[in-house]
Structure formats: structure tokens, C-alpha cells
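Enquirer: need coordinates for the following:
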Amino acid sequence: VVARGIDAERFDPRHRCMALRQRWGLSPDDLAVLYVGRLAPEKNLDLLVQAFEAIARVNPKAHLILVGDGPMRPALQARLPKALFCGQQMGHDLARSYASADLFLFPSKTETFGNVTVEAMASGLPVVAFADGAALELIRPGHNGASVALADDAGYVREAIRLALDPDGRRKLGSAARLTALRLDWETIVDRFEVVIRSAAQNGFN
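Expert: Residues are numbered from 1 along each chain as shown. Just a heads-up that it's a prediction; the model follows:
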């Protein structure tokens, strides 16, 4: 079975862009909290709002950036008048948004995997997610991100606040997240698959 992969050259911390952060309205020491995904009820976005509002109470320099679109956009814009809604993005624009943020919140509980978690990790972002899908498979809490049990909404908010207040911790987790994601780079996965095929060819198929 060929594993899931990530383009670790496209999603890379080196795409961080101060000009983009300025267009977002951020000062150098402001906190960019990012969400990427469909703006729809199944993504559990009420918890995203709750977590960000809790962050904003302890860090007035926090800004919420949402990349994606969907039926909840008008309601979210009404609830979050200061948030920046960027719409759908692809390619370099998406990669630059990941790399230019400081913290990634992914509150969904309904993912089969959750590719955005891996994209954020490859971009050097600390991720707060539920222990399901990609987060369950890849995140080691306290080492390369933060994950909580599916039923623990309060714990999710606590982890979001904790990382929002810990810039050094965010940098360490983000660096470790990048190293984890590099194991899923497509070149590495193809190399592993090639080893399996060569071994099968040499030993004969049973």
C-alpha cells in the first residue's frame, strides 16, 4: 500500500512572507492563527470560533485567518468581523499562507485523514487538532504539536490558548512538525515503494 504523501517542497517554512503578513494587517509581533478548510458545519467551526475568542482574550494581538469557502462563510463573517476571510487558495498562494501563519487550528472531528494537518506540519506550523485521522497518526503531543481526545472540547481550547501564549514552544513544535512531515515527502515514499518492488522482483512474487 502506497502511503499518503506531501509535497514538502511546496509546503515549506521558507515560503513565509512578511509582505503577506502586512497585507493581513499584522505587525511583526502579532499572532496569525490559521484555519484552512471548507467553511461548513461538519468542520466543527463553532469550536474554532470558541478557541479563537479565548485566544483573543489573553492575546489581543491575535488575528484569525481563514482560507477556504462554504455555506457558513456569511454567518462566520458576522460572528468574526475582524477575521480575514481569504477564500479558496491553491498552489503557491496556499503554501505561502501556511508558512506565514504562527498557529494552525483544525477542530474537525469528521475527517477520514485530514490533509491540511500534514500541509500545516510541513509548513512548520504547530497544529492543534483532535486525535483522529492524520493528527492521531502523526502528532505526538508535546513533541510536534497538540492533540486531544475527540470528546475533549475544553482541552482543545486549553491547548490553543497554551500555544498562543508560548512563542518559543510554537517554534519548537513547528520545527519538529516539519521533520515529521518530511518522512511523508513523495520522493521518500516513492523510494520506499521502489525498494519493495525491487525486493519482490528479486525474490519472486508469492
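Enquirer: count of neighbours near the nearest residue to residue 42 once chain neighbours are set aside?
Expert: Of all residues not flanking residue 42 in the chain, residue 110 sits nearest, at 5.0 Å (Cβ to Cβ, 6 or more residues apart in numbering). Backbone N, C-alpha and C define where each C-beta goes, glycine included. Neighbour count of residue 110, defined by other Cβ atoms under 10 Å: 13.
Enquirer: three-state assignment of residue 128?
Expert: Following DSSP: H, G, I helix; E, B strand; the rest coil, the label given to residue 128 is strand.
Enquirer: returning to what we had before: next up, the contacts around the residue nearest to residue 42.
Expert: If you count contacts by Cβ atoms under 8 Å, 6 or more residues apart in numbering, residue 110 has them with 42, 43, 44.
Enquirer: contacts for stretch 80-93?
Expert: Contacts of stretch 80-93 (Cβ under 8 Å, 6+ apart): 10, 15, 24-25, 49, 52, 63-69, 73, 76-77, 97.
Enquirer: which of those are buried?
Expert: Neighbour-count burial (16 or more other Cβ atoms under 10 Å) applied to the contacts of stretch 80-93 gives 15, 24, 49, 52, 63-69, 73, 76, 97.
Enquirer: look at the residue nearest to residue 42 and report its pLDDT.
Expert: The score at residue 110 is 94. That number is its pLDDT.
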